[in-house]
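Peer 1: with the sequence up front, the predicted model follows.
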Amino acid sequence: MTASGTLTAPDVAIVRRPRRLRGVWLLGALGVLGLLMVASVMVGSREVGLDDIVAALGGSVDGFDEAAVAKRIPRTVLAVIAGAALGMSGAVMQGVTRNPLADPGILGVNLGASLAVVIGLAYFGLSSATSFIWVAIAGAAVAALFVYTVGSLGRGGATPLKLALAGAATSAALASFVTAVVLPRNDIAGGVRSWQIGGVGGASFDSTLQVLPFLLVGFAICFLSARGLNSLALGDDLAAGLGERVAIARGAASLGAVVLCGATTAVTGPIAFVGLVVPHACRLLIGVDHRWLLPFSAVLGAALLTGADIVGRIAARPGEVDVGIITALIGAPFFIYIVRRQKVRAL
């Protein structure tokens, strides 16, 4: 909006929902997330009460229930921050590429991070969590750059269809490379296979604290890129005409998304569909303004992953189903329903 009170072109393009309504939706999503966090601590192979949660928060782990709560709290925290990171990175990737099918899984970013971690583990003896995170971010960046370069070849540049095809082909190739690296190494095969499914079951406060600085940097970069993403939604030519530095805006936003994807994958393994489904659902509720879409995608992504983790624990008691499987089962049919709606056929 200009000083005279008139709307600029980017503002006209994003006015879709009243601000008060969007605020109500955001508060409602935060409330749902809070309830899911409480349920995540209470529900499992053995249900516990609120008094056990209070006792565990106070430092008491004498009883079995208090000990169970003490293990579930870091798991819940990791599910929240990982879901927030995946939800926001998906929204950013869809905004950068203007591709409704953009997602860390479909574009091969998660598998790029996975391959880098597996190579580091198999051939370079990586052992510390911090080294895994750096390697995963580097792998995610290389995969994202490769897919965008391949998708940009030929007439028309990086169209949504070419990016989706390049991402699908790259994902298939990277998955084969991961298998090729792991098969000869029986000493790491079991752990890698479990990690490749994607889950938050082995969470601890130590691992969460090690990945948190990387995620905070990624969140900050993405938030600062919100207005640039609004301009990119108008098309590169119009965005440049309005004074936006298109290459810098796209590069900065992509960097934030890659950091979020890589760091999350290093800790949880590749988890699919969160970054694909969540931004579409958010657009139906609050519109396309990235200044609202990004925080809402983070909250809804956290709620989706936390809820999926709860479902995985309930579905196979006394065992559990990894959250990566649950998000795939939830996300695939929900995404088909979303893309069939007129409102989200294009960004």
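Peer 2: Alright, I've got the coordinates. Residues are numbered from 1 along each chain as shown.
Peer 1: ok, the most centrally placed residue in the chain to residue 161 distance?
Peer 2: Nearest residue to the geometric centre of the chain (CA atoms, centre = their mean): residue 86, 0.6 Å. Distance of residue 86 to residue 161, given as CB to CB, to the nearest Å: 24 Å. Backbone N, C-alpha and C define where each C-beta goes, glycine included.
Peer 1: what's the neighbour count on residue 337?
Peer 2: 11 (other CB atoms under 10 Å).
Peer 1: which stretch of helix or strand covers it?
Peer 2: helix 323-339 (DSSP states H and E).
Peer 1: ok, residue 308 touching residue 323?
Peer 2: Yes: under the criterion of CB atoms under 8 Å, residue 308 makes contact with residue 323 at 5.0 Å.
Peer 1: before we move on, back to that, for the helix holding residue 337, buried residues please.
Peer 2: 323-331, 334-335, 338 (16 or more other CB atoms under 10 Å).
Peer 1: ok so, going back, and the residue nearest to the centre of the chain, its phi and psi?
Peer 2: Main-chain torsions, residue 86, degrees, to the nearest 10: phi -70, psi -40.
Peer 1: mind pulling up the pLDDT for it?
Peer 2: Turning to residue 86, the model gives it a pLDDT of 96.
Peer 1: could you do residue 146 as well?
Peer 2: Per-residue pLDDT puts residue 146 at 93.
Peer 1: residue ranges with poor pLDDT in the stretch 1-150 of the chain?
Peer 2: Low-confidence segments of the stretch 1-150 of the chain, defined by pLDDT under 70: 1-18, 45-46, 49-68.
Peer 1: and what of the stretch 201-347 of the chain?
Peer 2: 335, 338-347.
Peer 1: let's go with 50 and repeat that
Peer 2: Low-confidence segments of the stretch 201-347 of the chain, defined by pLDDT under 50, are located at 342-346.
Peer 1: all strands of it, in order?
Peer 2: Using DSSP state E, counting those that start in this stretch, the stretch 201-347 of the chain contains no strands.
Peer 1: what about the helices in it?
Peer 2: Per DSSP state H, counting those that start in this stretch, the stretch 201-347 of the chain carries helices over the ranges 205-224, 226-232, 236-241, 246-268, 274-286, 290-315, 323-339.
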